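Asker: missing the sequence, but the structure's below:
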Ligand code: AQP
C-alpha cells in the first residue's frame with residue numbers, strides 16, 4: 001500500500017512563492033507515489049487575529065489554488081480542517097499530554113508572540129499541538145513542508161512518542177511516528193527585501209514577496225525593486241551574498257534549469273540583465289496557475305463537491321484514529 005502524506009496551508013492572505021516552492025509544488029511532483037491528504041488549515045488560521053468576513057472566501061481560494069497548482073484528485077484528497085471535528089478533539093487530548101515548556105520553546109511561537117504583545121492567544125502557543133493532531137489522525141508516513149516547520153515536525157514526533165510511552169502497549173503503539181519531507185532547494189525562500197529573512201505572508205511589505213496571484217506588472221515591479229548588491233557576476237552559495245543566492249535559486253526553480261546551467265548562464269551577468277530573466281520565469285510559471293484559478297473560482301458548486309467528498313473521506317479515517325486514542329486513554333466508549 002502507498003505511504004500516506006499529509007500537509008496543509010493556512011487560509012491567511014495570499015499564497016506566495018515560498019508556500020509554492022517550499023510546499024505545494026513538491027506535493028504535486030510526488031503525488032503519484034503516495035496516498036495524499038491536503039487540508040486547508042482554517043483552525044490554524046485563527047491563532048492570529050483574523051477577519052470573519054474573509055475566512056470562508058480565503059478557504060475557497062486555497063482549495064482552488066491547490067487544484068490550479070496541479071493537485072490531482074485521482075491521487076489526492078482535499079478537505080477543510082474545521083470540517084473534520086476530530087482535529088479539535090484530538091488536539092485537546094494531546095494538550096493534556098504535551099508539557100507546556102515544549103511549546104514555549106517553539107521558534108514560531110516566540111517570533112509571532114512578539115508581534116502581538118499582550119494580545120497573544122493561547123491558540124498561538126497551542127498551534128503545534130493542533131498540527132500534531134492533523135498529522136497523527138491520518139497516520140501520515142511523511143509530511144512535506146518548508147524548513148520553517150521542521151521544529152514543529154520534531155515536536156509532533158515527540159508528542160507521538162510520549163503518548164506511545166504513556167498509553168501504548170509494547171506491540172501496539174497508539175501513533176505511527178511521521179517523518180518530515182523537506183527538499184533542499186526551495187525549502188527556504190527568502191524575502192525580496194532581505195535575503196536573510198524568510199518570505200512570509202505576515203511581512204508588512206507587499207514588496208517582500210511574490211504572490212501566486214500577482215499580475216505580471218506587479219511581479220515586474222517587485223523584482224525591479226528587490227534588494228541586490230553592487231557585485232558584478234552572479235553566483236550561488238556565497239554567504240556574503242544571501243540575496244544573490246536567493247534570486248538565483250528562485251530563477252533555477254522557476255525556469256526548471258539545473259543549478260549548473262544557471263551558474264554558468266549567470267556568472268558574468270549584472271543585475272540589469274538578470275532581473276528580466278527572473279521576471280519572465282516567474283510570470284510564465286504563474287500564468288497557467290492563475291488562469292486555472294480564475295476559472296475554478298467561478299465554479300463554487302464544483303469546489304463544494306470536492307470539499308464535501310474530502311470531508312467524508314478524511315472524517316472516516318480521522319474518527320477511527322480518534323476512537324483508538326480515546327480507547328488507549330481509557331475513555332468510556334460513546335453510546
Ligand atoms: N519562505 C518559505 N520558504 C519555503 N517554504 C515556506 N512555507 C512558508 N513560507 C515558506 C511553507 O508553506 C507551507 C504553508 O505554510 P502556512 O500556510 O502555514 O503559512 P505560513 O508558514 O504561515 O506562511 P508564512 O508566509 O510563513 O506566514 P507567516 O508570515 O504567518 O509565518 C508550509 O509547509 C511552510 O513550511
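Answerer: Arrived safely. Worth saying up front: this structure is predicted, and the values here are computed from it rather than measured.

Asker: ok, the closest residue to residue 258 other than its chain neighbours - how many residues close by?
Answerer: In space, and not counting its chain neighbours, residue 258 is closest to residue 252: 7.4 Å by C-beta to C-beta, 6 or more residues apart in numbering. For the C-beta atoms, the positions are set from N, CA and C on the backbone; glycine is no exception. By the criterion of other C-beta atoms under 10 Å, residue 252 has 22 neighbours.

Asker: same question, residue 102
Answerer: Neighbours around residue 102, by other C-beta under 10 Å: 15.

Asker: did I read that right, it in a strand?
Answerer: No: under DSSP: H, G, I helix; E, B strand; the rest coil, residue 102 sits outside any strand and is assigned helix.

Asker: wait, what's in contact with it?
Answerer: Residue 102 makes contact with 155, 158, 159, according to C-beta atoms under 8 Å, 6 or more residues apart in numbering.

Asker: the closest residue to residue 229 other than its chain neighbours: neighbour count?
Answerer: Distance criterion C-beta to C-beta, 6+ apart; nearest residue to residue 229, sequence neighbours excluded, is residue 241 at 5.7 Å. By other C-beta under 10 Å, the residues close to residue 241 number 18.

Asker: what residues does the stretch 201-335 of the chain have near the ligand?
Answerer: 201, 202 (C-beta under 6 Å from any ligand atom).

Asker: show me where the stretch 201-335 of the chain has its strands.
Answerer: Read by DSSP state E, counting those that start in this stretch, the stretch 201-335 of the chain holds no strands at all.

Asker: now it against the ligand: closest residue?
Answerer: residue 202 (3.1 Å; C-beta to the nearest ligand atom).

Asker: buried only: go through the contacts of residue 102 for me.
Answerer: 155, 159 (16 or more other C-beta atoms under 10 Å).

Asker: of the contacts of residue 102, which belong to strands?
Answerer: Within the contacts of residue 102, no residue falls in strands by DSSP state E.

Asker: pLDDT and distance to residue 51 added to the contacts of residue 102, as TSV?
Answerer: Below are the contacts of residue 102 laid out as TSV (pLDDT from 0 to 100; distance: C-beta to C-beta, whole Å):
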residue	pLDDT	distance to residue 51
155	98	29
158	98	34
159	98	31
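
Asker: of the contacts of residue 102, closest to the ligand?
Answerer: Nearest to the ligand among the contacts of residue 102: residue 155, at 14.2 Å, using C-beta to the nearest ligand atom.

Asker: which helix runs longest in this structure?
Answerer: helix 300-329 (DSSP state H).

Asker: now that one: how far from the chain's centre is it?
Answerer: 20 Å (C-alpha atoms, centre = their mean, to the nearest Å).

Asker: can you check stretch 39-58 too?
Answerer: Taking mean C-alpha positions (C-alpha atoms, centre = their mean), stretch 39-58 and its chain are 14 Å apart.

Asker: still on that earlier bit, what sits against the residue nearest to residue 229?
Answerer: Per C-beta under 8 Å, 6+ apart, neighbours of residue 241: 195, 229, 231, 235.

Asker: buried residues in the least confident helix or strand in the chain by mean pLDDT?
Answerer: Ranked by mean pLDDT, DSSP states H and E, the weakest helix or strand in the chain is helix 107-116, scoring a mean of 89. Buried positions in helix 107-116, judged by neighbour count with 16+ other C-beta under 10 Å: 109, 112, 113.

Asker: check stretch 235-254 too.
Answerer: 236, 241-254.

Asker: circling back: got CSV for the contacts of residue 102, with distance to the ligand too?
Answerer: Output for those, formatted as CSV (distance: C-beta to the nearest ligand atom, whole Å):
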residue, distance to the ligand
155, 14
158, 19
159, 18
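
Asker: other SSEs contacting the least confident helix or strand of the chain?
Answerer: Applying 3 or more C-beta pairs under 8 Å, 6 or more residues apart in numbering; DSSP states H and E, one finds that helix 107-116 contacts helix 122-137, helix 150-167.

Asker: how about residues contacting that helix?
Answerer: Contacts of helix 107-116 (C-beta under 8 Å, 6+ apart): 48, 49, 103, 120, 124, 125, 127, 128, 148, 151, 152, 202.

Asker: show me which of the residues you listed are buried.
Answerer: 48, 103, 120, 124, 125, 127, 128, 148, 151, 152.

Asker: ends of stretch 75-86, how far apart?
Answerer: One end of stretch 75-86 to the other measures 23 Å (C-alpha to C-alpha, to the nearest Å).

Asker: so is it next to the ligand?
Answerer: No: between stretch 75-86 and the ligand, judged by C-beta under 6 Å from any ligand atom, nothing touches; the nearest distance is 11.3 Å.

Asker: which ones are touching residue 5?
Answerer: Residue 5 neighbours (C-beta under 8 Å, 6+ apart): 27, 30-31, 34-37, 140-144, 181.
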